Each structure stands twice: as structure tokens, then as C-alpha cells.
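**Q** Got a predicted structure here, sequence first:
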Amino acid sequence: MKLGFLQMRCKFGEVKANVKKASNLLGKVSDATIVLPELFNTGYLFKNKGELKGLAENTRTGYTVSEMKKVAKKKRLNLIFGMAQKSGSKVYNSAVYISDKGKVDVYQKVHLFDREKLFFQPGTALKTVKAGDATVGIMICFDWIVPEVSRVLTLKGADILAHPANLVLPWGQSGMKIRSIENGVFSVTANRIGVEKRGTMDLAFTGGSQIVNPRGEVLVSAGDRSESLKVIEIDLEEARNKNITSGNHLINDRFPPLYASLGRKSRK
Ligand code: ACM
């Protein structure tokens, strides 16, 4: 199957311009599964809850999903992108999945990063979706730092981890290589580039979007300066064979009763 990422620069608050840019770039490819950055349509550095609420959208009827559905159907793309999701009085940092037929599904980020905790409601469920033949587990940016996320997605059958991101810490991309190795899955990190300045706040996004194979090898990556749309062919069988040696199976060799303390919230 064809798998890719769109690394882009986003302008804070300029939803129409960001969506238009992404749609135009995505129009250059077809018949693929493509991951875009976290919050690609709004930008990231919200000043307060009111500002976030003003930019968040409904994921069934909103502008961003309607526009992205058009390009998904026209170019037969399965798309996974981050956006602020309005749901009643709450706002989630979500990743929307749109299939090439226009079917929509949503994952709400569970592990919120830093100031996100001031504004967003954390999600309460991990999610996989079907993209053609592939099972895709969805995680957003800082979710990478909790290895249980990618493990649970793998146990739910994920062949690929789709990872929309606004990475600012410089080791997220290295972390995703490990997530791929320890779970024997492909991972696609789609990051932003550029600096976002809002009043006295600023953040530099680290680019370095990448597709990693189940052995932790980077199959394709982008630098930290330019927008980049990359699509490659992958063989899902590589993620389905969990035999590491003739005597070791990545999943079956575990001893889950020894890991019961994972159910505890705090360190002893
Ligand atoms: C992040 O989770 N946006 C760093």
C-alpha cells in the first residue's frame, strides 16, 4: 500500500488558508494513506479557552472536515489530520480519519502536552481504523511518550501508527523509532515546521517527519525547513510477522501478569 506524510507550515488562526494549502498539496497524489500534522488547520499556541473555542469545529459538519472530505474522495486518499474538535461545551485535541469513501472517525488525544491541559479535554479511548487492508492506530504527538499507547494500539491489531504531531522536544522522532521496533509496526510522524509567535509566547516546531519500518529504519524523512509531501510503498506483511528470531515472538513472548502494576496511576 502507499503511505505518506504531509509536513507543512501552518499559520495561526488562518483555517481557510491552512486547509486550502493542504488540499492543494494533497491534490498532487492519489490512492494513498496520508498523515498530516496535529492541529494543522488552526495552529497551536492558543492564548485562552475563548480563542480555542472560536477556532474549534464540529467534526461532522465543520468546514475543515467538509473540505478534506472532498479531496479524500476525489483523490481516493485515506487522510488522518489533527484539528480542534468542538463537542458540546468541550474542546478536544483530535485526529480525524477520513476514508477514501468519505467515512469519518475521530480519536481524541489522551496525553495532553504542557499548556494543552489548560484548554483541552483529554480523550478517554484509544482508536484503530481500517484504511483499505491496513489497520491504523492513531496517536497524537505527546502520546508517543507513553509506550502503553502504541502497545495497546498494536494489540488492537495496528499495522501502522499514524502520528500527527507538533513536536517541539527534539527526541520525539527517535522515540517513534523505538515505538516501531518494540511493536513491530510501521509508524508515520507528520510534523510541522516553522516558528509560531503569539504575544510573548513562541514555539519552534522540529519538522523531521518520517516513516519508520518495523525494524526502526527510517524509510523516508523530511528536513526541518521545508514543506514536504512524501509517499512510499510499504508491505504490510512486514508488520504482521512478529517473529523476531525462530524462537522469539514479539507479542507472545510477553508475561502480562508481571505487568499488572501498569494499571496503577502513580509510582509506588
Ligand atoms: C505535543 O504534544 N504537541 C508536543
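**A** Happy to help now that I have it.
**Q** show me what contacts the nearest residue in space to Arg76 that is not next to it in sequence?
**A** Excluding the flanking residues, the one nearest Arg76 by C-beta to C-beta, 6 or more residues apart in numbering is Asp100, at 4.4 Å. C-beta: built from backbone N, CA, C; applies to glycine. Residues in contact with Asp100 (C-beta atoms under 8 Å, 6 or more residues apart in numbering) are 31, 72-73, 76-78, 132.
**Q** Which among the residues you listed count as buried?
**A** Listed as buried from the contacts of Asp100 are 72, 77-78; burial here means 16 or more other C-beta atoms under 10 Å.
**Q** So which of the residues you listed belong to helices?
**A** Of the positions in the buried ones among the contacts of Asp100, Ala72 sit in helices, assigned by DSSP state H.
**Q** on that earlier part again, which of the contacts of Asp100 sit farthest apart?
**A** Across the contacts of Asp100, the longest distance by C-beta to C-beta is 14.6 Å; it joins Lys73 and Gly132.
**Q** Would you report the backbone torsion angles of Glu32?
**A** You called it Glu, but residue 32 is Ala. phi -150, psi 170 (degrees, to the nearest 10).
**Q** Tell me how far it lies from Glu67.
**A** Remark: distance between Ala32 and Glu67 (C-beta to C-beta, to the nearest Å) = 18 Å.
**Q** Look at the two and report which has more neighbours.
**A** Neighbour count, other C-beta atoms under 10 Å: between Ala32 and Glu67, Ala32 has more, with 22 against 17.
**Q** Find the nearest non-adjacent residue to that one, please.
**A** In space, Ala32 is closest to Lys2, 3.6 Å off (C-beta to C-beta, 6+ apart).
**Q** Ala158 now?
**A** Gly137 (3.2 Å).
**Q** what residues does the stretch 51-200 of the chain put near the ligand?
**A** Residues of the stretch 51-200 of the chain lying close to the ligand by C-beta under 6 Å from any ligand atom are 113, 141-142, 166-168.
**Q** Tabulate the residues you listed (CSV), appending distance to Asn48.
**A** Output for those, formatted as CSV (distance: C-beta to C-beta, whole Å):
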residue, distance to Asn48
Phe113, 17
Cys141, 21
Phe142, 21
Asn166, 18
Leu167, 24
Val168, 20
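**Q** That concludes my questions; thank you for your assistance.
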